[in-house]
Each structure stands twice: as structure tokens, then as C-alpha cells.
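Asker: Here is a sequence with its predicted model. Questions after.
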Amino acid sequence: MPNPHAGEVALMVNAERRVLKLTLGALAELEAALGADTLLALIERYEEGHFATRDVVALLLAGLRGGGWKGTTADLAEADIGGGPIAAAQAAAQLLARAFTLPEARQDGL
């Protein structure tokens with residue numbers, strides 16, 4: 001079971017429940033994957049609803065790696081995500097929110 005106070009999010013990947021977390025290493029990997037883009041720009045895209053599929057994939061991959069998964073971008077691209085693209089985008093948004101929002105400021109009660 002994921003601990004939302006630790007920034008963890010659950011996602012079904014290939015019929016396995018995975019715990020995702022944006023650790024410092026995962027955040028550094030995310031920044032590298034975004035290239036010249038910044039995490040602030042990524043957060044703004046999510047807040048405005050203008051995020052791209054590459055944003056979702058980069059976030060999920062970083063979160064999965066932060067949770068101990070050893071897969072690659074190609075592995076994630078071929079994976080069966082429980083709940084499909086909507087669940088993937090929601091999990092990515094939750095990762096961002098939980099990584100960059102103080103617990104007492106969260107509106108989701110988590």
C-alpha cells in the first residue's frame with residue numbers, strides 16, 4: 001500500500017501493483033529526460049491541462065524507478081497500465097502533487 005505522506009502513488013503495471021515515488025534520484029532523471037525543460041514548466045503544463053504523453057511517460061518512469069523498478073522507457077511503452085491512459089495521467093499528476101505539496105496543504109485529504 002502506498003504511503004501518500006511519503007509521496008507514493010500506486011499503479012497497476014502488467015497486472016502488478018507498483019509503488020511509484022519521486023525520489024531525488026528520480027527527479028534528477030526526470031529533469032534529464034525533459035532536456036531543456038524544467039520541472040516548474042512540467043508542473044505548469046499539468047495545472048493548465050496542457051501536458052503531453054511524453055510528460056506522462058517521463059513522470060511514470062521516474063516514479064517507477066524511484067519505487068525500485070528496473071524497467072526501461074521501452075518496457076513502460078509496451079506495458080499494460082491498469083486503467084489505461086487516464087489512470088496513467090492521473091498517477092503522474094498525483095506524483096507531482098505529492099512531491100511538491102506539503103501534506104497539510106493537500107486538498108485530496110491524503
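Answerer: Received, thanks.

Asker: Report the buried residues of stretch 27-47.
Answerer: Of all the residues in stretch 27-47, those buried under the rule 16 or more other C-beta atoms under 10 Å are 27, 29-30, 33-34, 42-43, 46. For glycine as for every other residue, the C-beta is placed from the backbone atoms N, C-alpha and C.

Asker: Ok, stretch 62-82 next?
Answerer: Under the neighbour-count criterion of 16+ other C-beta under 10 Å, stretch 62-82 has 62-67, 69, 71, 76, 79, 81-82 buried.

Asker: which one of those residues is nearest residue 89?
Answerer: When these are compared for distance to residue 89, the smallest value, 9.9 Å, is given by residue 81; criterion: C-beta to C-beta.

Asker: Would you state the strands of this structure in chain order?
Answerer: Read by DSSP state E, the chain holds these strands, from start to end of the chain: 9-13, 16-20.

Asker: Please work out which of those is packed deepest.
Answerer: Highest mean neighbour count among these (mean count of other C-beta atoms under 10 Å): strand 9-13, with a mean of 20.

Asker: Show me what that strand is packed up against.
Answerer: With contacts taken as 3 or more C-beta pairs under 8 Å, 6 or more residues apart in numbering; DSSP states H and E, strand 9-13 sits against strand 16-20, helix 53-66, helix 84-100.

Asker: Which other helices and strands does the first one contact?
Answerer: Other helices and strands packing on strand 16-20, by 3+ C-beta pairs under 8 Å, 6+ apart, are strand 9-13, helix 53-66.

Asker: ok, the nearest residue to residue 17 once chain neighbours are set aside - contacts?
Answerer: On the basis of C-beta to C-beta, 6 or more residues apart in numbering, the spatially nearest residue to residue 17 that is not a chain neighbour turns out to be residue 10, at 5.8 Å. Under the criterion of C-beta atoms under 8 Å, 6 or more residues apart in numbering, the contact partners of residue 10 comprise 1-2, 17-20, 91.

Asker: now do 7 Å
Answerer: Neighbouring residues of residue 10 by C-beta atoms under 7 Å, 6 or more residues apart in numbering: 2, 17, 19.

Asker: quick one: it and residue 4, what's the gap?
Answerer: Spatial separation of residue 10 from residue 4 under the definition C-beta to C-beta, to the nearest Å is 10 Å.
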